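Participant: Sequence first, predicted model second:
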Amino acid sequence: MTITSEPKASSPDMPMLLGNERKWTDYFTFCTDHKVIGIQYLVTAFFFYLIGGALATAMRTELATPAPDIVTPDVYNGMLTLHGTVMLFLWIVPAGAGLANYLIPLMIGARDMAFPRLNAIAFWMIPPSGILLISSFFYEPPQAGWTSYPPLSLTTGMLGEGIWILSILLGGTASILGGLNFLVTILKMRIPSMPLTKMPLFCWAMIATSLLILISTPVLAGALILLAFDLIAGTAFFNPTGGGNPVVYQHMFWFYSHPAVYIFVLPLFGAISEVVSVHARKPIFGYRAIAYSSIVISFLGLIVWAHHMFTSGTPPWLRMFFMITTMVIAVPTGIKVFGWVATLWRGKIAFTSAMLFALGFISLFLIGGISGVMLAAVPFDIHVHDTYFVVAHFHYVLFGASVFGIFMAVYHWFPKMTGRMMNEFWGKVHFALSFVGMNLTFMPMHELGLRGMNRRIALYDPQFTDLNVIATIGAYVMAVSTIPFLINAVWSWRYGEKAPANPWRALTLEWQTLSPPHIENFEELPELITGPYDYGLGYTAERDPEELYAHAVPAPAS
């Protein structure tokens with residue numbers, strides 16, 4: 001593809017490009033540029049990450065001792081509810097949407113998203129959602145956890161719980177609008193020379209994610225609306241005192257919330273496929289297997305929800321079905337892990353900050369995946385249900401995969417977004433502190449759970465004190481790890497070394513334009529020419545990896 005430094009109009013129907021930089025005020029307005037919206041999502045998500053992390057650190061401080069000597073149990077329950085909700089719905093989901101917004105049009109050669117105004121509306125639902133959620137803590141803290149199970153959620157305060165429900169409904173609506181936009185953009189706005197089988201794997205991951213969003217999120221919305229009627233209007237959809245059935249709420253909630261795990265991690269699965277390939281100097285191993293496994297995960301993710309309900313009176317025959325499907329979903333996930341590791345094999349690995357976070361992603365997600373297979377077995381799940389073993393598994397999957405994956409993506413695409421390079425030394429310090437803190441915090445929780453310590457409690461048996469002290473020290477290390485990242489990101493954005501258009505020598509189309517890109521991305525729409533060593537065909541052992549990688553390049557524009 002031809003790349004020039006000055007924008008120009010190449011035809012009467014292609015508007016004159018205005019330059020490749022936005023004014024700083026654009027990031028505080030209703031701007032429809034997908035790149036601006038992507039950065040708005042990311043910055044907003046990181047703001048809520050700091051809030052959620054502060055809540056987690058406060059909770060771990062309380063749990064350093066067996067007695068509730070820092071906050072009362074009610075306040076602890078409110079902090080726990082907000083921590084889980086903020087981290088899932090205001091950090092991981094918006095961060096993934098931010099990456100998708102920024103990258104998808106650039107990766108497929110489009111000028112913008114399919115519905116730019118809808119895209120902006122979706123983002124501007126996130127700040128009020130977050131403000132409502134945080135404000136609920138100061139009015140009447142919701143204490144039913146991020147799951148908000150009735151009848152507990154119907155008895156702990158109408159005002160706080162009602163605000164919590166409204167916040168999640170706003171965020172869920174934004175998620176649906178975003179998912180629709182991603183799906184239409186990928187399917188309808190690719191350059192003509194890019195078939196589905198030559199798309200970047202990140203786009204495949206976003207197709208699977210968008211399908212899950214569009215199918216499962218309306219079910220959660222329905223459950224929360226019915227819960228709001230029980231709470232405010234006195235109906236009895238889920239209230240057992242009026243003849244309602246709280247287990248129905250659990251089915252509706254988990255029909256969304258287990259697929260939500262894949263909504264959280266699938267975008268990062270796609271991102272790591274791009275990052276590992278670039279920093280190992282090899283085309284991804286098993287492109288088609290990794291691409292199709294995303295769709296298989298999307299399908300299977302919709303039929304495993306009741307493994308969260310093995311202790312809710314589920315019939316034995318139904319337990320067996322959900323146990324088998326839960327174990328089967330490990331197969332397409334394992335295909336991805338195998339593809340990433342095979343890509344590393346005999347690669348020319350550059351241990352950049354992005355690559356270190358990718359390696360941390362793989363190792364931590366593997367631990368979470370193994371404990372997930374253990375929890376799929378009905379007898380074991382019943383034994384450790386509602387203990388810290390589940391907390392450890394959940395965080396190895398979501399913190400180990402999602403958070404490490406988001407940091408990996410930021411380090412990798414930061415030069416594209418800002419035109420500046422991040423400081424590699426401080427990036428590696430950030431990784432080391434994050435990796436050590438993550439394992440110090442959550443590895444002991446496996447033993448705590450096996451020994452019977454319940455989750456969601458502010459006071460516990462003193463026999464668990466030593467492991468909780470270790471976990472609290474790990475939480476402090478993770479909190480400290482955020483400091484070098486924030487300083488590095490802000491300083492680099494303003495004063496960092498200027499980045500070339502393609503500092504990593506990557507192959508996908510977003511790296512074939514300026515850094516940061518033109519307002520309309522490309523001066524001329526690129527054309528992709530496929531050949532025997534193109535992007536999608538993987539690695540051939542007979543060829544030198546660097547030589548092979550060099551063959552998988554976009555062709556010059558016609």
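Facilitator: That came through, no problem.

Participant: Report the buried residues of stretch 475-488.
Facilitator: 475, 476, 477, 478, 479, 481, 482, 484, 485, 488 (16 or more other Cβ atoms under 10 Å). Placement of C-beta: from N, CA and C, glycine included.

Participant: The second one reaches residue 57, doesn't it?
Facilitator: Yes. Residue 476 is within contact range of residue 57, at 6.9 Å (criterion: Cβ atoms under 8 Å).

Participant: which residues are common contacts for the two?
Facilitator: In terms of Cβ atoms under 8 Å, 6 or more residues apart in numbering, residue 476 and residue 57 are not both contacted by any residue.

Participant: about what we covered before: sitting in strands, which of the buried residues of stretch 475-488 do you find?
Facilitator: Secondary structure defined by DSSP state E assigns none of the buried residues of stretch 475-488 to strands.

Participant: okay, those residues in a markdown table with pLDDT next?
Facilitator: Shown next, in a markdown table, are the buried residues of stretch 475-488 (pLDDT from 0 to 100):
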| residue | pLDDT |
| --- | --- |
| 475 | 96 |
| 476 | 97 |
| 477 | 97 |
| 478 | 96 |
| 479 | 96 |
| 481 | 96 |
| 482 | 96 |
| 484 | 96 |
| 485 | 96 |
| 488 | 96 |
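
Participant: Looking at the residues you listed, spot the one nearest residue 42.
Facilitator: Residue 42 has its nearest neighbour among these in residue 485, at 12.8 Å by Cβ to Cβ.

Participant: Kindly provide the distance from the closest one to residue 411.
Facilitator: 9 Å (Cβ to Cβ, to the nearest Å).

Participant: So for these two, which residues contact both of them?
Facilitator: residue 427.

Participant: Can you give me the buried ones in the helix or strand hosting residue 372?
Facilitator: Here residue 372 sits within helix 353-376, counting by DSSP states H and E. Of all the residues in helix 353-376, those buried under the rule 16+ other Cβ under 10 Å are 353-362, 364-369, 371-373, 375-376.

Participant: How far off centre is it?
Facilitator: In this view, helix 353-376 has its centroid 14 Å away from the chain centroid, taken as Cα atoms, centre = their mean, to the nearest Å.

Participant: Kindly report the same for stretch 438-446.
Facilitator: 21 Å.

Participant: Show which residues not belonging to it make contact with it.
Facilitator: 60, 360, 364, 371, 388-389, 391-392, 395-396, 399-400, 404, 467-468, 470-471, 473-475, 477-478.

Participant: now do 6 Å
Facilitator: 388, 389, 391, 392, 395, 467, 470, 471, 474, 475 (Cβ atoms under 6 Å, 6 or more residues apart in numbering).

Participant: tell me the centre residue of this protein?
Facilitator: In the chain, the residue lying closest to the centroid (Cα atoms, centre = their mean) is residue 264, at 3.7 Å.

Participant: Hmm, it is touching residue 402, no?
Facilitator: Yes. Taking contacts as Cβ atoms under 6 Å, residue 264 lies within contact range of residue 402: 5.0 Å.

Participant: who touches both of the two?
Facilitator: With Cβ under 6 Å, 6+ apart as the test, residue 264 and residue 402 both reach residue 92.

Participant: where's the residue nearest to the centre of the chain, which helix or strand?
Facilitator: helix 246-279.

Participant: how far off helix 353-376 does that helix point, in degrees?
Facilitator: For helix 246-279 against helix 353-376, the angle by axes from the mean of the first three to the mean of the last three Cα atoms, to 10 degrees is 150 degrees.

Participant: Which pair of the contacts of stretch 438-446 spans the longest distance?
Facilitator: 389 and 475 (18.0 Å).

Participant: what comes up buried for stretch 122-137?
Facilitator: For stretch 122-137, by 16+ other Cβ under 10 Å, it's 122, 123, 125, 126, 127, 129, 130, 132, 133, 134, 136, 137.

Participant: Could you measure from the fifth one over to residue 332?
Facilitator: For residue 127, the distance to residue 332 under the criterion Cβ to Cβ works out to 36 Å.

Participant: Also residue 101?
Facilitator: 26 Å.

Participant: quick one, which of these two is more surrounded?
Facilitator: Shown here are residue 101 and residue 332; by other Cβ atoms under 10 Å, residue 101 has more neighbours (29 against 20).

Participant: Verify the contact between the more buried one and residue 37 for me.
Facilitator: Yes. At 5.0 Å, residue 101 counts as touching residue 37 under the criterion of Cβ under 6 Å.

Participant: Touching the strand or helix carrying residue 383 from outside, list them.
Facilitator: Using DSSP H and E, residue 383 sits within helix 378-384. Helix 378-384 is contacted from outside by 310, 311, 319, 323, 374, 375, 449, using Cβ under 6 Å, 6+ apart.

Participant: Repeat that for stretch 127-142.
Facilitator: Counting by Cβ under 6 Å, 6+ apart, residues outside stretch 127-142 touching it are 48, 78, 81-82, 90, 157, 159-161, 163-164, 166-167, 170-171.

Participant: if we go to 7 Å?
Facilitator: Residues outside stretch 127-142 that contact it (Cβ atoms under 7 Å, 6 or more residues apart in numbering): 44, 48, 51, 75, 78, 81-82, 85-86, 90, 156-157, 159-161, 163-164, 166-167, 170-171.

Participant: How many neighbouring residues does residue 426 have?
Facilitator: So residue 426, with other Cβ under 10 Å, has 18 neighbours.

Participant: cool, and the one 4 residues further on?
Facilitator: Counted with other Cβ under 10 Å, the burial measure for residue 430 works out to 27 neighbours.

Participant: do residue 32 as well
Facilitator: Neighbours of residue 32 using other Cβ under 10 Å come to 16.

Participant: Nearest spatial neighbour of it, chain-adjacent residues omitted?
Facilitator: Leaving aside its sequence neighbours, residue 32 sits nearest to residue 116 (Cβ to Cβ, 6 or more residues apart in numbering; 3.7 Å).

Participant: what ranges of the stretch 1-150 of the chain fall below the confidence cut-off?
Facilitator: Counting by pLDDT under 70, the stretch 1-150 of the chain contains low-confidence ranges at 1-21.

Participant: show me where it has strands.
Facilitator: Using DSSP state E, counting those that start in this stretch, no strands are found in the stretch 1-150 of the chain.

Participant: Walking through it, point out its helices one by one.
Facilitator: Counting by DSSP state H, counting those that start in this stretch, the stretch 1-150 of the chain has helices at residues 34-62, 73-85, 93-108, 116-124, 126-139.

Participant: for the fourth one, the distance to its chain's centre please.
Facilitator: Here the centre of helix 116-124 is set off from its chain's centre by 19 Å, with Cα atoms, centre = their mean.

Participant: likewise the first one?
Facilitator: Between the mean C-alpha point of helix 34-62 and the mean C-alpha point of its chain there is a distance of 12 Å (Cα atoms, centre = their mean).

Participant: For it, list every residue counted as buried.
Facilitator: 34-42, 44-46, 48-49, 51-53, 55-60, 62.

Participant: which helices and strands does that helix pack with?
Facilitator: Contact analysis of helix 34-62 by 3 or more Cβ pairs under 7 Å, 6 or more residues apart in numbering; DSSP states H and E lists helix 73-85, helix 93-108, helix 116-124, helix 126-139, helix 465-495 as its packing neighbours.

Participant: of all the ones you listed, which lies closest to residue 189?
Facilitator: The nearest among those, by Cβ to Cβ, is helix 93-108 at 6.4 Å.

Participant: Going by neighbour count, list what's buried in the closest one.
Facilitator: 93-108.

Participant: Stretch 513-532 now?
Facilitator: In stretch 513-532, counting by 16+ other Cβ under 10 Å, buried: 513-528, 530.

Participant: average model confidence for that stretch?
Facilitator: Averaged across stretch 513-532, pLDDT comes to 79.

Participant: then it to CSV, C-alphas only?
Facilitator: What follows is stretch 513-532, C-alpha atoms only, in CSV (Å, rounded to 0.1, in the frame of the first residue of the first chain):
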residue,chain,number,x,y,z
THR,A,513,-0.9,4.4,7.7
LEU,A,514,0.4,7.2,9.8
SER,A,515,0.8,7.1,13.6
PRO,A,516,-1.6,8.5,14.7
PRO,A,517,-3.7,7.9,11.6
HIS,A,518,-5.4,10.4,9.3
ILE,A,519,-8.8,11.5,10.5
GLU,A,520,-10.3,9.3,7.8
ASN,A,521,-7.6,6.6,8.3
PHE,A,522,-6.3,6.1,4.7
GLU,A,523,-5.5,8.5,1.9
GLU,A,524,-6.6,5.8,-0.5
LEU,A,525,-8.4,2.6,0.4
PRO,A,526,-5.8,-0.2,0.5
GLU,A,527,-5.9,-3.4,-1.5
LEU,A,528,-4.9,-6.7,-0.1
ILE,A,529,-3.3,-9.2,-2.4
THR,A,530,-3.1,-12.8,-1.2
GLY,A,531,-0.3,-15.2,-2.0
PRO,A,532,1.3,-18.5,-0.9
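
Participant: No further questions, thank you.
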